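Student: My questions concern the predicted model and sequence given below.
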2 protein chains.
Amino acid sequence: MEAKKEIKLVNGVNVDQLFDTIELIKQKPEVAKFKFRATNKWADGTHNRATVKDFYGALAEDDSRDSMVFEIDEPPVLCGRNLGANPVEYLLTALSGCLTTSLVAHAAARGVRIKGVESRYEGDLDLRGFLGISEDVKVGYQNIRVYFKIDADISDDEKKELIEMAQKYSPVFNTITKSAPVSVRLDKE
Amino acid sequence: MEAKKEIKLVNGVNVDQLFDTIELIKQKPEVAKFKFRATNKWADGTHNRATVKDFYGALAEDDSRDSMVFEIDEPPVLCGRNLGANPVEYLLTALSGCLTTSLVAHAAARGVRIKGVESRYEGDLDLRGFLGISEDVKVGYQNIRVYFKIDADISDDEKKELIEMAQKYSPVFNTITKSAPVSVRLDKE
């Protein structure tokens, strides 16, 4: 009878799977190429709806997930009806998920056990950009501030190191702070 | 008896409110300063949860919305359990909502009536960045492609103009394509 291999979890992350993936990608870099997707359908006014389902990665299409639907709207002060979080709040949501996962996964890879992570996000937006009132005002976020609380038996300096790692390896953080090209075209029917 | 003023809706957007807001902001630019927020709490492994509720804008705090909670996770191929969309998918969700709202609102401001808007998003990510396998690989999205279908009684050139406007005025598009500074700190208790 073969001994069943115990799954090694650190911070709930299967670190054996993580290291196996890293080894595989070192040998076959194309395994690392992913394509993530979303679709959006306008409902009315500032209300629209995004759907996330399939993606490509690890050399295969994955269509196995149920559709995840996100309601997007503005508050009344911005001409909406509060039918969902607004787009710039979804951006903070994305950033929060990515920094947290990056922190927890890279801590796990280094064997650092985490008991809890909480963080808060605040971004400054000057609507004169969106409204086209001033060309001198940045249309996007002017600044985003993030504050982390980490519950772990490590020093503050070690917590700060985790926060540095989270930033270094987070795809959303790096997309926002280093920019990414976005091409927008009319769809050919 | 006073005549009740009819609300002027174009594409479901109250354009009178929109133009009143623009006039108010021209006189009082501080009305345009908004702060949007999110919080995040790690659950386990790659699963965490973001909450959106209050914001500051139009010279006041707004705490009137119910909390909106977003589950964030990775698919099994990325060490997760499919308990939510992943962070880079939330980023595409944010971009989709912002380009759509920007397109619809700026069309409304110009009196262009829209019957339908659909769009799709695809972003390329090379996980060698996140996994720290190669310093030469971009950690964030390498490219994002967006395709719009617009149902309106206008020419393809006019649709392309709407798409240009959507990009010019979208805060999320401009945050991603032009970058924004993000400071990440350990929270003082």
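Tutor: Right, received. Where do you want to start? Since this is a predicted model, take the numbers as computed values, not measurements.
Student: where does chain A dip in pLDDT?
Tutor: For chain A, the stretches with pLDDT under 70 are A:1-5, A:189.
Student: Would you map the helices across chain A?
Tutor: Assigned by DSSP state H, the helices in chain A fall at A:15-27, A:87-109, A:156-169, A:171-178.
Student: For residue B:103, find the nearest of these.
Tutor: Evaluated with C-beta to C-beta, the helices of chain A place helix A:87-109 nearest to residue B:103, the distance being 12.0 Å. In short, each C-beta sits where N, CA and C put it, glycine included.
Student: The closest one and chain B, any residue contact?
Tutor: Yes. Against chain B, helix A:87-109 shows contacts by C-beta under 8 Å from any C-beta of the partner chain at A:87-102, A:104-106.
Student: Point out the most buried one among the helices of chain A.
Tutor: Comparing those by mean neighbour count (mean count of other C-beta atoms under 10 Å in any protein chain shown), helix A:87-109 comes out on top with a mean of 28.
Student: Just want the angle from that one to helix B:171-178.
Tutor: Per axes from the mean of the first three to the mean of the last three C-alpha atoms, to 10 degrees, the angle that helix A:87-109 makes with helix B:171-178 is 50 degrees.
Student: Now residue A:67. Nearest residue, chain neighbours left out?
Tutor: Spatially, and ignoring its direct neighbours in sequence, residue A:67 is nearest to residue A:53 (4.7 Å; C-beta to C-beta, 6 or more residues apart in numbering or on different chains).
Student: and that neighbour, what does it touch?
Tutor: For residue A:53, the contact set (C-beta atoms under 8 Å, 6 or more residues apart in numbering or on different chains) comprises A:37, A:63, A:65-68.
Student: Equivalent analysis for residue A:187, please.
Tutor: Counting by C-beta under 8 Å, 6+ apart, residue A:187 makes contact with B:118-120, B:147-149.
Student: give me every residue that touches the nearest residue to it once chain neighbours are set aside.
Tutor: Closest residue in space to residue A:187, ignoring its immediate chain neighbours: residue B:147 at 4.0 Å, by C-beta to C-beta, 6+ apart. Residue B:147 is in contact with A:184-187, B:119-120, counting by C-beta under 8 Å, 6+ apart.
Student: try 7 Å this time
Tutor: Residue B:147 sits next to A:185, A:187, B:119-120 when contact means C-beta atoms under 7 Å, 6 or more residues apart in numbering or on different chains.
Student: ok, so of these, who is nearest residue A:23?
Tutor: Relative to residue A:23, the closest of those is residue B:120; by C-beta to C-beta it sits at 34.3 Å.
Student: Which residues does the closest residue to that closest one other than its chain neighbours form beta bridges with?
Tutor: Excluding the flanking residues, the one nearest residue B:120 by C-beta to C-beta, 6+ apart is residue A:39, at 4.7 Å. Counting by DSSP bridges, residue A:39 is bridged to residue A:51, residue B:120.
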